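Student: this one's structure only:
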């Protein structure tokens, strides 16, 4: 039976100068839509899962266009809420070689930031789901978004649905009077799977230490929040903007697991690679009995996203398995 994933979070319009042009060179912008959680859902749909995304769009032509984008990429959009007038957006200047990418956000006052828990019937949304996923971006946007996310997580707990949170900290986003140290523990204590880093665990919960061992930080997090079954992370080595190395790691409460490093020598688009990792992890944990296999699947999916333009990973399950099996030739399929 096909597994189903539900995600929750903001979807923004992404505007980029063509190719690798700088903002100062731009006379036009390429437009796509993306957001961390929706990226995970779309990636999962391309892997063959059922997937639905819950968000709030403005009740205008831009909101309808963004909805159409999600539908085009196999997502169920029946639970999207509409209201207000602004769609969040961000501008991306893609880096190359020694020049870093640059992102500028315009999302304050967006339709999603004004969402409230009463706007979503989570029991109805989650009635046939196997997994619910959120990220630390969502509760940073507004108190309404944070409380709506908490309601979703608690409903999933009650319904026996697995919950994962990608909780790396975004301290500069918390501007509505609450800190991540106040809000994040309320969400994380109800998670089964957590994706984070030693830095994120330290900054949000004061556990472990900066630059410390991932296993130690993950173990301390699981001691504080005993519902958590696995803490997962990845190590990224940036040789340049065009050359990245990716390694996955996991502490499952009994064993520390890490993958081999995958070398991505020609990066096309780095945005959304963490979401591809999360999607691959969810798929792997739902379809493999072995944690190392699930983690290898996540790293392979992440590596492949570096080769796909746009926010979302559009590779198939067969593509990911092929890379897991060591096929790095990139030869033409005939």
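Tutor: Right, received. Where do you want to start? Values in this document were obtained by computation on a predicted structure and should not be read as measured data.

Student: assess the claim that residue 57 and residue 82 are in contact.
Tutor: Yes: assessed by CB atoms under 8 Å, residue 57 is found in contact with residue 82 at 5.6 Å. All C-beta spots, glycine's among them, are computed from the backbone N, C-alpha and C.

Student: comparing those two, which shows the higher neighbour count?
Tutor: A direct count of neighbours by other CB atoms under 10 Å for residue 57 and residue 82 places residue 57 higher, at 26 against 15.

Student: residue 110 versus the nearest residue to residue 116 once chain neighbours are set aside, what's the distance?
Tutor: Once flanking residues are discounted, residue 116 sits nearest to residue 144: 4.6 Å by CB to CB, 6 or more residues apart in numbering. Look at residue 144 and residue 110: by CB to CB, to the nearest Å, they are 12 Å apart.

Student: which one of the two has more residues nearby?
Tutor: The neighbour comparison of residue 144 against residue 110 (other CB under 10 Å) goes to residue 110, with 23 against 18.

Student: the more buried one falls within a strand, correct?
Tutor: No: per DSSP: H, G, I helix; E, B strand; the rest coil, residue 110 lies outside any strand segment and is coil.

Student: elements contacting whichever helix or strand residue 284 is part of?
Tutor: Residue 284 is part of helix 273-287 when elements are defined by DSSP states H and E. Under the contact criterion of 3 or more CB pairs under 8 Å, 6 or more residues apart in numbering; DSSP states H and E, helix 273-287 touches helix 36-46, strand 131-135, strand 162-166, strand 193-195, strand 230-240, strand 243-251, helix 291-305.

Student: and the third one, how far out from the chain middle?
Tutor: Strand 162-166 has its C-alpha centroid displaced from the chain centroid by 10 Å (CA atoms, centre = their mean, to the nearest Å).

Student: contacts for whichever helix or strand comes after that strand?
Tutor: Beyond strand 162-166 in the direction of the C-terminus, DSSP H and E gives the next helix or strand as helix 180-188. Contacts of helix 180-188 with the rest of the structure, by CB atoms under 8 Å, 6 or more residues apart in numbering, involve 134, 136, 139-140, 146, 149-150, 153, 165, 167, 169-171, 174, 194, 203-206, 221, 225, 228.
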